[in-house]
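J.: predicted structure and sequence below. I'll ask about it afterward.
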Amino acid sequence: MSDVYAEPTTEAFQAGPATLARYTTLRLGGPAARLETATNAEEIVQKVQEAEARDEGVLILAGGSNVVIGDQGFPGTVVLIRSRGFRVVAEDPDTVTVRVEAGERWDDLVAATIERGWSGLECLSGVPGSAGATPIQNVGAYGQEVAETIMAVEAYDRTHGEIVRLAAADCGFAYRGSIFKYSDRWVVLSVDFRLARSPLSTPVRYAELARALGVEVGDRVPLVDARATVLRLRAGKGMVLDPADPDTWSVGSFFTNPVLEREAYELLRERAADLGEPPSWLGAGDVVKVSAAWLIDKAGFGKGHVGPDGVAISSKHTLALTNRSGTAPTAALIALARQIRDAVEDRFAVTLHPEPVLINCTI
């Protein structure tokens, strides 16, 4: 079964006591056969081992900001990750290495690093989830990815029954991916981040962020300014969780930006000739990353598009699929995602892939 990590941001949400909807930002998900809570690394390993001894599947869940759980729920043991805290494990005049427990709230960590004058995570402000989720997804936003600062990941290796520390080079980091994603083998316990001692951000790479800050791409700005601006931009797109705003009842971007070989990109340009040049970015090896939001919009699914049974595209961001009613079934969200994927493929010959992990459901 899949191991999934995210932050417990919706535990106050009143869903049925046995459903996983209360632990996901989409407010979706059926019942768990067994629900366990682990408050430290030792308990995480223990709960996983106990489930394995019972010959049960295991779902690792720190809150559900990057997971879609089917209406049938999960037939095995769900381990809720509630480990907290971080500490300095190495430092020199220019850098500090921080070891962060898997269940530590990500945005709390980012705020703490900025307060201490540590640079490297500021553009990831406002990202929902836990520290343990970040290497799995290789979380990125506004020009930063965690792969740039991760030094090592401590994980429980279920295949060999041992705790290991994997160097960043062994984590297989890629665009929104790693060796941990879609794998049952690894259970992340903690993550080491190496950050610069600096009151200034890393060089701003993202054009939208640079414009909002009033600087040029490549400039550096005070950490507090970078954080405040990123939070403002994210909130404007419905990407900062808000219990009062149904546009934020989502998993953020539902689809990843397609990465196309040159031939596929040229075919897209031909098919989109009547719509203008598709927004794109040249990647390594002559591949081209294309805006999924643009493809979705031009395929006829704009902001606010209403789907079946109370689901909808966010009115603030085309990439966010929301449980706007708060009572929709997962099947309705999956149906909307399937409609979008099929329409984009029919119109542009480009296949969209979901960014969240899908549990007991598929598009």
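T.: That came through, no problem.
J.: every contact and neighbour count from this point should use C-alpha atoms.
T.: OK.
J.: any idea how far T95 is from the residue lying closest to V98 once chain neighbours are set aside?
T.: The shortest distance from V98 to any residue other than its chain neighbours is 4.4 Å, reached at V88 (Cα to Cα, 6 or more residues apart in numbering). When Cα to Cα, to the nearest Å is applied, the distance between V88 and T95 equals 11 Å.
J.: which stretches in the stretch 51-200 of the chain count as strands?
T.: 58-61, 67-69, 74-81, 86-91, 95-101, 118-119, 140-141, 144-145, 150-157, 162-167, 186-197 (DSSP state E, counting those that start in this stretch).
J.: any stretches of this protein with poor pLDDT?
T.: Judged against pLDDT under 70, the low-scoring parts of the chain cover residues 1-18, 63.
J.: cutoff 90 now
T.: For the chain, the stretches flagged by pLDDT under 90 are 1-19, 63-64, 129, 175-176, 182, 241, 281-286.
J.: point to the residue nearest the middle of it.
T.: In the chain, the C-alpha nearest the mean C-alpha coordinate belongs to N66, at 5.0 Å (Cα atoms, centre = their mean).
J.: contact partners for the nearest residue to that one once chain neighbours are set aside?
T.: Computed as Cα to Cα, 6+ apart, the closest residue to N66 that is not its neighbour in sequence is P356, at 4.7 Å. Listed by Cα atoms under 8 Å, 6 or more residues apart in numbering, the contact set of P356 reads N66, V67, V68, V251, F254, F255.
J.: dump the residues you listed into a markdown table; add distance to P135 as well.
T.: Formatted as a markdown table, these follow (distance: Cα to Cα, whole Å):
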| residue | distance to P135 |
| --- | --- |
| N66 | 13 |
| V67 | 15 |
| V68 | 19 |
| V251 | 17 |
| F254 | 18 |
| F255 | 18 |
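J.: among these, which one lies nearest to L28?
T.: Each of the contacts of P356 was scored against L28 by Cα to Cα, and V68 proved nearest at 7.1 Å.
J.: list the residues that contact the nearest residue to that closest one once chain neighbours are set aside.
T.: With Cα to Cα, 6+ apart as the measure, L358 is the residue that lies nearest to V68, at 4.9 Å, once sequence neighbours are left out. Taking Cα under 8 Å, 6+ apart as the contact definition, L358 lies against V67, V68, I69, G70.
J.: write the ChimeraX selection for whichever of these are buried.
T.: With 16 or more other Cα atoms under 10 Å as the burial test, the buried ones among the contacts of L358 are selected in ChimeraX as follows:
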select :67,68,69,70
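J.: wait, which of the contacts of L358 is closest to V288?
T.: Closest to V288, out of all of these and judged by Cα to Cα, is V67, at 26.8 Å.
J.: next, work out how far apart the residue nearest to N66 and T24 are.
T.: Counting by Cα to Cα, the gap between P356 and T24 amounts to 12 Å.
J.: identify the contacts common to the two.
T.: If you check P356 and T24 against Cα under 8 Å, 6+ apart, the residues they both contact are V67, V68.
J.: can you add distance to L275 and give the strands of the stretch 51-200 of the chain back as TSV?
T.: Below are the strands of the stretch 51-200 of the chain laid out as TSV (distance: least, Cα to Cα, whole Å):
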stretch	distance to L275
strand 58-61	42
strand 67-69	32
strand 74-81	43
strand 86-91	49
strand 95-101	46
strand 118-119	40
strand 140-141	27
strand 144-145	30
strand 150-157	40
strand 162-167	45
strand 186-197	43
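J.: please enumerate the strands of the stretch 251-363 of the chain.
T.: So, for the stretch 251-363 of the chain - with DSSP E, counting those that start in this stretch - the strands run 259-260, 280-282, 288-290, 312-313, 321-322, 357-359.
J.: the fifth one pairs with which strands, parallel or anti?
T.: Partner strands for strand 321-322, per DSSP bridges, with pairing direction: strand 312-313 (antiparallel).
J.: re the thing from before, any idea which of the strands of the stretch 51-200 of the chain gets closest to G29?
T.: For G29, the closest of the strands of the stretch 51-200 of the chain is strand 67-69, at 4.5 Å, according to Cα to Cα.
J.: tell me the strands beside that closest one, with direction?
T.: Strands flanking strand 67-69 in the sheet, each with its direction: strand 357-359 (parallel) (DSSP bridges).
J.: what's the domain layout of the protein?
T.: Residue ranges of the domains in the chain are recorded as 21-81, 86-236, 246-359, according to automatic domain parsing.
J.: just say which of those is most tucked in.
T.: The highest mean neighbour count among the domains of the chain, using mean count of other Cα atoms under 10 Å, belongs to domain 21-81: a mean of 22.
J.: measure it end to end?
T.: 16 Å.
J.: what does stretch 65-81 give?
T.: Calculated as Cα to Cα, the first-to-last residue distance of stretch 65-81 is 13 Å.
J.: how far out from the middle of the chain is it?
T.: Stretch 65-81 has its C-alpha centroid displaced from the chain centroid by 16 Å (Cα atoms, centre = their mean, to the nearest Å).
J.: now do stretch 252-271
T.: 20 Å.
J.: cool, stretch 122-132 as well?
T.: Counting by Cα atoms, centre = their mean, stretch 122-132 comes out at 9 Å from the chain centroid.
J.: quick one: the helices in the stretch 151-300 of the chain, in order.
T.: 207-213, 223-236, 262-271, 292-298 (DSSP state H, counting those that start in this stretch).
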